[in-house]
Each structure stands twice: as C-alpha cells, then as structure tokens.
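Trainee: Give me coordinates for this.
(2 chains, ligands or ions: 2)
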Amino acid sequence: MSYTKALRCRECGREYSLEPIHVCEFCFGPLEVVYDYAAMAGGVTRENIILGPYSMWRYRDLLPVGEGEVVDINAGFTPLIPANNLGRTLGLKNLYLKNDCVNPSYSFKDRVVSVAATKAREFGFKTLACASTGNLACAVAAHGAKAGLETYVFIPADLEQGKIVGAAIYGPTLVAVEGSYDEVNRLCSELADRYPWAFVNINIRPYYAEGSKTLGYEVAEQLGWRAPDWAIVPVASGSMFTKIYKGFKELEHIGLLNNGVDTHMVVAQARGCSPIVNAFEQETLNIRPVKPHTIAKSLAIGNPADGYYALKTIRESHGAAVAVMDPEVVEGMKLLAETEGIFAETAGGVAIAALKHLVAADAIGAEDVTVVYVTGSGLKTQEAVADALGPRLVIKPTVHSFEEAVKEAGKVVP
Amino acid sequence: MAKRRMKFTFPPELITRPVIYEIAQRFQVVTNIRRADVAEERGWVVLELDGAAEDIERAVEWVMTLNVRVDPIEGDVVEG
Ligand SMILES: Cc1ncc(COP(=O)(O)O)c(C=O)c1O
Ligand SMILES: [Zn+2]
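Mentor: Ligands and ions are numbered 1, 2, ... in the order given. Here you go, the predicted structure:
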C-alpha cells in the first residue's frame, strides 16, 4: 500500500504530481515526497513490519514506491551491534554500531539506489545514471544490473581503486572525470538536461533520498521501538543525515515508538571538507563552499545540497557538528577494527573520531543510548590505512625463524 | 567575467532594505532579477550576478553577513 500524495517544495510549499522532477518551477526550492500520514497511521503496524522481509523493504509502506516489483538485491536490515568493547574504552554503557558495511555493494547507498532504481523503472526510463564520490557508483551499477537497465556512472578520476573496481564489476559504462566531485556533479546536471536518463541524485532525487529513512526506522526497531539519545552520522551532502531524523520522526508520528524522539543528531565531517561543521561553528545557516582535501573521499562534497537542512536538523534536535583531522580518521578506523572487529571505510573512521570528541567534551552521558552509523566497508578504501598498520613478520618456514621474529617484535608467545 | 545565479532569502527585518541596489553600489556587479516573491514576513529573489568572479564572491560574502540566506541555483546542488 502506497501512502504517497505528492511532491512538495520544501521552501514555498507548492505541490506537484509524483513525476521525475526535483526542483520547484516557481522558487527553485528542492522537492520532497509527502505522505498521507493519517492513513499511514491507520494502516502500518509493528506486526506487519516484523513479518516483512529481512531487508529495508520491510518498510515498504513508508517508502515512495508503487505496487509493482521493487529492484531488490537485499539492501538494509543490517545489524545493530552493541559495541561493548569500544564502549568500555570510551566509558559508554549503551553504545551501538549500525553496521551498513554489510550491504550488497558494501555501503548504505544500496538503500537509496534500491528506491531510485525502482522509481526509474516505474517511470519507464531505460538508463540509470549518477554522479558519485564512489559508493554510489557501486550501488547504481549493481542495481542497474539487477534491473536490466543501461547504466552510466560518473566519478572523479582520483578515486580509490576499490571503488572503481567495485563499480566496474557490474558492467556499467564507467566515466572517470578529471575533476573534483563538485565538477562531476555540475557536468551531470548538464547531461541530465540533455538525455532522457534517470539520474538517481538529480531528477529522481526526491524519491532516492527517502531510502535513507530506513536507517532511522531500522535502528528504532532494533532498539525495541525507541529512538536513540544520540545519532552520530558521517555527512557529505547532508541528505542521509536529515532523512535518518525524518525516519525517527515519522515512526513517532504514526505511533510506532515507545518514546518521544529526543535524539541529538550529530554531523561528523573531516576537517579537510567540513562546510556544514564550519557553518555550525560560525552559527550561521549559510554554507560557504570549500575545496575538499581529505582522505575521506566519500565525504568530499564541498558544496552540500542539503547543508542548510542538515543545519536546521542539528538545531531542531539540539545536536552538534564535529570535524576531525585525517590522522584521527585513520585512528578511528583502527580503533573500530581492533575493538569491535569491523573494518569500516574512512567515513566510519570520521564517525568514530567524532564520537571520541564528544566523549572528551563530556557531551554524552555514560548511560545515553548512542548509535554510530558505520556506512561503508573498509575494503574499498584500503589505501587510507595500509601504511598505518603494524608490520608483518616475515620468516623462513622454520620454528626457529618464527620464534626469532616473535622475539624481535617484542611479543611473548602465550 | 563570470555569471552566477543565486537565490537570496530575506529575513523580515531586511524586507524593506534595498539590498540589491546596495550590491550594485558597493561592488562591480550587475544584478538582474529573474524571479521574486516578497511578502511582509519573508521574501526571496532569484538573481543573476554579472561581474568578475572575485567581485561576485565579495558581494555574496557581504550579503551573507546581513543574515540573508544564500542558495546557489545552478546544477551544482546535488549529492554523491
Ligand atoms: C560511506 C558514506 N557515508 C556517508 C556518506 C554521506 O552521505 P550524504 O551525502 O547523504 O551526506 C556517503 C556519501 O557519499 C558515503 O559514501
Ligand atoms: Zn517552491
């Protein structure tokens, strides 16, 4: 059952029918999907969600898709892991990790693209396309393959090898652009005007973005139908961040939560590309675009489309915004791997480093239910940590050589 | 020379101030209003700014200090 009503301009409120459009013709504001929440509250229950598939599509009734088959490679319903070891290290008793590394193409982008590819097919498009900082390329290529759509993905040429291979394997037309992500983006906007393609983050964007709400729904369900006290989120455009909060609020609104939403929403960025944190620190809602320079390439968007709305969400939720240095990102990745056995990408390192800042500032109470969103897998960004890892012991195939090497490394064989 | 399209959204206290005229006076920037909607409480304009890139940048920076919300209009507003 679909409860979608229309598209509505987030600025002037004008409504449009549910077409593949993304900006208001009148004021150029972004369009957003609106739902019939009264009907949704009557029709959606915890019971029918729990009986649904073990994927993001258990929340199908809260997403903007029609009645047909969805493009599904099993994105979502990823584990929420109690991080006891990391929690002990930091003095937090209720720390959780939302492990979105384990999505089919290894990042949360599978959630948004599963919705976008479904809409592309509903609208009758033959070609799926995107501008990407890397993870989106992988997700679009994978879902395009599953949907039987022609697929074009545009990436900055300097991307990590893991992301290039991770997209190329699905057989898209992969276009490496010699420029920054923001330049790739501008090019794609021009292409979107020229070709009748479904650009997931341009003309399909209002639908696409809604997929990230499932990161809010799932965490609330997995916590026993309650919103957390803190949500720490790695941020680039700001889209996922605002949609996680929207997910919590919607569940509250339709009566599925045991608590009221009182979640402090925290934006985490790398200092080398932190336009949203900068604005927060300067107490303005105006984003000043920056030129990205950080190892966290998946977060390297200098001119964030949803920056303004992310800042509003921070204000509304009494949240915070934290920027971290690149060496802290590497430390965060190692800490997460060494304490919890999760190898996250640089974005995960940014989130863990931001968590450490908040703990150091005594912002988070020891009992607070705190969720860190770990949104992509480390196997795609190996370059970032390869040099920071402990040395390998290289030995001859003899017991003697082994014991020599161990002694040299200062280890005691148990 | 550069040309940029921007949307300025004014808070109530600035509705009656001729900000766009002031831009032209203070900076070497030509302003061309493409669309606008001004009410008692709130108003916005979509402007084309024409001039040297640095002058446009300085003009936009000045407008931001007035507490005007500035959004770019070009296609450079999507995500990854
Ligand atoms: C792994 C990862 N985390 C977080 C983000 C940020 O998402 P958003 O652009 O919605 O802020 C991205 C975006 O590219 C990403 O790839
Ligand atoms: Zn509008």
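
Trainee: Identify the residue spatially nearest to residue A:330, adjacent ones excluded.
Mentor: When the adjacent residues along the chain are set aside, residue A:330 lies closest to residue A:388, with 4.9 Å between them (CB to CB, 6 or more residues apart in numbering or on different chains). C-betas here are computed from N, CA, C, even on glycine.

Trainee: Work out the gap between stretch B:34-53 and the centre of the chain.
Mentor: Relative to the centre of its chain, stretch B:34-53 is centred 6 Å away, using CA atoms, centre = their mean, to the nearest Å.

Trainee: So which residues make contact with that stretch?
Mentor: Contacts with stretch B:34-53, where a contact means CB atoms under 8 Å, 6 or more residues apart in numbering or on different chains, come from A:11-12, A:26-28, B:1-12, B:15, B:20, B:23, B:27-33, B:56, B:59-60, B:73.

Trainee: next one: stretch A:188-200
Mentor: By CB under 8 Å, 6+ apart, the residues outside stretch A:188-200 that reach it are A:20, A:112-113, A:116-117, A:119-120, A:123, A:125-131, A:136, A:140, A:149, A:152, A:154, A:202-204, A:208, B:74-76, B:78.

Trainee: got it, and stretch B:61-75?
Mentor: By CB under 8 Å, 6+ apart, the surrounding residues in contact with stretch B:61-75 are A:28, A:185-186, A:188-190, A:192-193, A:202, A:284-286, A:288, A:303, A:308, B:4-11, B:13-14, B:19, B:23, B:26-27, B:46, B:60, B:77.

Trainee: ok, now stretch A:330-346?
Mentor: The contact list for stretch A:330-346 (CB under 8 Å, 6+ apart) reads A:81, A:83, A:85-86, A:89, A:97, A:99, A:101, A:107, A:270, A:295-299, A:324, A:329, A:348-353, A:356, A:374-381, A:384-385, A:388-389.

Trainee: How much space separates the closest residue to residue A:382 other than its chain neighbours from residue A:260?
Mentor: Distances taken as CB to CB, 6+ apart place residue A:162 nearest to residue A:382, at 6.1 Å, with adjacent residues excluded. Taking CB to CB, to the nearest Å as the measure, residue A:162 and residue A:260 are separated by 41 Å.

Trainee: Also residue A:351?
Mentor: Counting by CB to CB, the separation of residue A:351 from residue A:260 is 25 Å.

Trainee: same check, this time on residue A:246
Mentor: Residue A:246 sits 15 Å away from residue A:260 when distances are taken as CB to CB.

Trainee: Pick out whichever of those two has more residues nearby.
Mentor: Between residue A:246 and residue A:260, counted using other CB atoms under 10 Å in any protein chain shown, the more crowded position is residue A:246 (19 against 11).

Trainee: Let me see the contact set for the more buried one.
Mentor: For residue A:246, the residues meeting the contact criterion (CB under 8 Å, 6+ apart) are A:213, A:216.

Trainee: Could you look up the SS state of residue A:116?
Mentor: Three states are possible here, and by DSSP: H, G, I helix; E, B strand; the rest coil the one that applies to residue A:116 is helix.

Trainee: How many residues are close by it?
Mentor: Residue A:116 is surrounded by 30 other residues when neighbours are defined as other CB under 10 Å.

Trainee: again with the one 10 residues further on
Mentor: Using other CB under 10 Å as the criterion, residue A:126 is surrounded by 12 other residues.

Trainee: now swap in residue B:62 and tell me
Mentor: Applying the criterion other CB under 10 Å, we find 15 residues in the vicinity of residue B:62.

Trainee: Then residue A:307?
Mentor: When counting by other CB under 10 Å, one arrives at 29 neighbours for residue A:307.

Trainee: how about it, what does it touch?
Mentor: Residue A:307 is in contact with A:237, A:238, A:275, A:276, A:279, A:287, counting by CB under 8 Å, 6+ apart.

Trainee: quick check, nearest of these to residue A:216?
Mentor: residue A:238 (14.7 Å; CB to CB).

Trainee: Does that closest one touch residue A:312 like I think?
Mentor: No - at 9.8 Å, residue A:238 does not count as touching residue A:312 under the criterion of CB atoms under 8 Å.

Trainee: between those two, which one's more packed in?
Mentor: Comparing residue A:238 with residue A:312 by other CB under 10 Å, the one with more neighbours is residue A:238, at 27 against 15.

Trainee: Now restrict the contacts of stretch A:188-200 to buried residues only.
Mentor: Buried residues within the contacts of stretch A:188-200, defined by neighbour count using 16 or more other CB atoms under 10 Å in any protein chain shown: A:20, A:112-113, A:116-117, A:119-120, A:125, A:127-131, A:136, A:140, A:149, A:152, A:154, A:202-204, A:208, B:75, B:78.

Trainee: Helices along the stretch 151-300 of chain A, start to end?
Mentor: With helices called from DSSP state H, counting those that start in this stretch, the stretch 151-300 of chain A shows them at A:161-168, A:181-194, A:205-210, A:213-222, A:239-253, A:275-281.

Trainee: what does the fourth one contact?
Mentor: Contacts made with helix A:213-222 from outside it, assessed by CB under 8 Å, 6+ apart, are listed as A:46, A:49, A:56, A:59, A:62-63, A:76-78, A:80, A:96, A:98, A:100, A:108, A:111, A:226-228, A:231, A:240, A:243-248, A:250-251, A:256-257, A:371, A:373.

Trainee: Report the entries of the contacts of stretch B:34-53 that also contact ligand 2.
Mentor: Judged by CB under 5 Å from the ion, the overlap between the contacts of stretch B:34-53 and the neighbourhood of ligand 2 comprises A:11, A:12, A:26, A:27.

Trainee: Just give me the neighbour total for the second one.
Mentor: What it means is residue A:12. Summarising burial for residue A:12: neighbours were counted as other CB under 10 Å, giving 14.

Trainee: surely it meets residue A:27?
Mentor: Yes - between residue A:12 and residue A:27 a contact is recorded at 4.5 Å, counting by CB under 8 Å.

Trainee: can you give me the strands for the chain?
Mentor: Using chain A. When assigned using DSSP state E, the strands of chain A occupy the ranges A:4-9, A:15-16, A:31-35, A:80-82, A:95-99, A:127-131, A:150-156, A:173-177, A:198-199, A:230-234, A:264-270, A:320-324, A:370-374.

Trainee: that's the wrong chain, I meant chain B
Mentor: Applying DSSP E to chain B gives strands spanning B:2-10, B:29-38, B:43-51, B:69-72.

Trainee: buried stuff in the longest helix along chain B?
Mentor: Scanning chain B for the helix with the most residues, using DSSP state H, yields helix B:53-65. By neighbour count with 16+ other CB under 10 Å, helix B:53-65 contains the buried residues B:55, B:56, B:57, B:58, B:59, B:60, B:63, B:64.

Trainee: can you tell which of the strands of chain B is closest to residue A:265?
Mentor: The closest approach between residue A:265 and any of those, judged by CB to CB, belongs to strand B:69-72 at 20.6 Å.

Trainee: The closest one: how far from the chain's middle?
Mentor: Centroid separation for strand B:69-72 versus its chain: 7 Å, with CA atoms, centre = their mean.

Trainee: cool, and stretch A:195-206?
Mentor: Averaging C-alpha positions (CA atoms, centre = their mean) puts stretch A:195-206 19 Å from its chain's average.

Trainee: hmm, it touching ligand 2?
Mentor: No - contact between stretch A:195-206 and ligand 2 is absent, the nearest approach being 12.8 Å (criterion: CB under 5 Å from the ion).

Trainee: tell me how far the ends of that stretch are from each other?
Mentor: Using CA to CA, to the nearest Å, the span of stretch A:195-206 from its first residue to its last is 19 Å.
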